[in-house]
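*Asks:* Can you look at this prediction? I've put the sequence above it.
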There are 2 protein chains.
Amino acid sequence: MSVDETPRTLADKLNRLFQTVRRQGDAEYSNVAVAEAISKGEDVQISHTYIWQLRTGRRVNPTIMHLTALAAFFGVPVAYFLDDAETAKIDKDLELLAGMRKAGVTHIALRSAELTQGSRAAITEMVNQLWKLENPSDE
Amino acid sequence: MSVDETPRTLADKLNRLFQTVRRQGDAEYSNVAVAEAISKGEDVQISHTYIWQLRTGRRVNPTIMHLTALAAFFGVPVAYFLDDAETAKIDKDLELLAGMRKAGVTHIALRSAELTQGSRAAITEMVNQLWKLENPSDE
DNA sequence: CCCGCCCGTCAACCTCTGTGTAGGATGACG
DNA sequence: CGTCATCCTACACAGAGGTTGACGGGCGGG
């Protein structure tokens, strides 16, 4: 992996962290050092062997416990290890909610929730009418 | 866990997702349904039993593989399960959905999102008027 | 009424994550 | 050169993560 490419695999991302996050005197952390620091600082145990396996791509599917501990140690959000294409895909789903809010729908919905049955029915009916008016083709 | 508190444990968060993210006809997804959907859609396998174990807090330390699959299915970023700040933010979105459904206004909100600017403004205004009418005391 | 269907629950089981332990390389110090 | 310290590598194994299969209960339809 070249330095200026964005890391793709979990191993790459972890190695990038070792590469950039160093201790005083710019010496890279060793696997053992990180393992000890984590096992001491957090209340999570991790072995230097396992860190090595993760860095070399021999293990690729850690539990959230270990991943969070590593992220905490290096001072990055856990999402650093997970964000990529996956996140992009998910973000599209969230667009619906975001879009609704941006369109001022939140306002409508929240207040509607506090309305009486009768008023709500009236609103519903009105929305349905408008919707039909604007979407003549759909069912 | 009451509906309006932000969930703390992984089990709570997962249950919250089941509670809010539903399929058409507002029926809650069953564990089996989710397991099948994930095993089919993503290239990750997961068993309905395991989902149950996570929901009931019997297992609390899943691997990133399963966690990402679950997050993807429910349309939230993986960070929802890991980062508490992220959880709170997203939870507010989920609350909106939950509140709307409880009040029977899912219909309104979803369709409003498809309306033109003008119609939406009209609805908003109408809701505000009704709301003021029914809640004279509040600001 | 009973049959089929799907659900949540449970316990036994199997796979793979994560550990213990040790070998070989390298460098510092005497 | 010998010793010590510390690193990365390797591999077998313990145990936690995840699955399988079965049981009992609720519900709708013939």
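*Replies:* Structure's in. What do you need?

*Asks:* Spell out which parts of chain A neighbour DNA strand C.
*Replies:* A:45-47, A:49-50, A:53, A:59-63, A:65-66 (Cβ under 7 Å from any atom of the strand). The C-beta positions use only the backbone N, C-alpha and C, and glycine is treated the same way.

*Asks:* how about low-confidence regions in chain A?
*Replies:* Applying pLDDT under 70 to chain A picks out residues A:1-7, A:24-26, A:83-139.

*Asks:* Which residue ranges of it form helices?
*Replies:* A:10-20, A:31-41, A:48-55, A:64-74, A:79-82, A:85-102, A:105-113, A:117-134 (DSSP state H).

*Asks:* Show me which residues of chain A sit near DNA strand D.
*Replies:* Going by Cβ under 7 Å from any atom of the strand, the residues of chain A near DNA strand D are A:30-33, A:48-49, A:52, A:55-56, A:61, A:63, A:65.

*Asks:* now with 6 Å?
*Replies:* A:30-33, A:49, A:52, A:56, A:63 (Cβ under 6 Å from any atom of the strand).

*Asks:* from the residues you listed, which would you call buried?
*Replies:* For the residues of chain A next to DNA strand D, a burial check counting by 16 or more other Cβ atoms under 10 Å in any protein chain shown picks out A:31, A:63.

*Asks:* can you count the residues close to A:Asn61?
*Replies:* Burial measure for A:Asn61: 12 neighbouring residues, criterion other Cβ atoms under 10 Å in any protein chain shown.

*Asks:* From A:Ile46, how far off is A:Leu14?
*Replies:* In this view, A:Leu14 and A:Ile46 are 12 Å apart by Cβ to Cβ, to the nearest Å.

*Asks:* Give me the common contacts of the two.
*Replies:* A:Leu70 (Cβ atoms under 8 Å, 6 or more residues apart in numbering or on different chains).

*Asks:* Now do the same contact list for A:Leu10.
*Replies:* A:54, A:57, A:60, A:62, A:81, B:64.

*Asks:* Closest one of the residues you listed to B:Ser39?
*Replies:* B:Ser39 lies nearest to B:Ile64 out of those, by Cβ to Cβ, at 17.2 Å.

*Asks:* So what's the residue count around that closest one?
*Replies:* Neighbours of B:Ile64 (other Cβ under 10 Å): 22.

*Asks:* pretty sure it is touching A:Met65, no?
*Replies:* No - using Cβ atoms under 8 Å, B:Ile64 is not in contact with A:Met65; the gap is 10.6 Å.

*Asks:* Now A:Asn15. Nearest residue, chain neighbours left out?
*Replies:* A:Arg55 (5.6 Å; Cβ to Cβ, 6 or more residues apart in numbering or on different chains).

*Asks:* Next, count neighbours for that neighbour.
*Replies:* A:Arg55: 19 neighbours (other Cβ under 10 Å).

*Asks:* Tell me the spacing between it and A:Met65.
*Replies:* Distance from A:Arg55 to A:Met65, by Cβ to Cβ: 18 Å.

*Asks:* nearest to DNA strand D, of the contacts of A:Leu10?
*Replies:* Distances from DNA strand D to the contacts of A:Leu10, taken as Cβ to the nearest atom of the strand, are shortest for B:Ile64 (8.1 Å).

*Asks:* Let me see the contact set for the closest one.
*Replies:* B:Ile64 touches A:10, A:61-64, A:67, A:81-82, B:78, counting by Cβ under 8 Å, 6+ apart.

*Asks:* Give me the spatial nearest neighbour of A:Gln45, chain neighbours excluded.
*Replies:* Using Cβ to Cβ, 6+ apart, the closest residue to A:Gln45 is A:Ser39 (4.9 Å).

*Asks:* Kindly report the same for A:Thr68.
*Replies:* Spatial nearest neighbour of A:Thr68, excluding adjacent residues (Cβ to Cβ, 6+ apart): A:Val78 at 5.3 Å.

*Asks:* Is the one you found in contact with B:Asp84, as I believe?
*Replies:* No - if you go by Cβ under 8 Å, A:Val78 and B:Asp84 don't touch, sitting 10.7 Å apart.

*Asks:* ok, back up a step: and the contacts of A:Leu10 as CSV, adding distance to B:Thr20?
*Replies:* Putting the contacts of A:Leu10 into CSV (distance: Cβ to Cβ, whole Å) gives the following:
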residue, distance to B:Thr20
A:Leu54, 34
A:Gly57, 37
A:Val60, 31
A:Pro62, 29
A:Phe81, 26
B:Ile64, 23
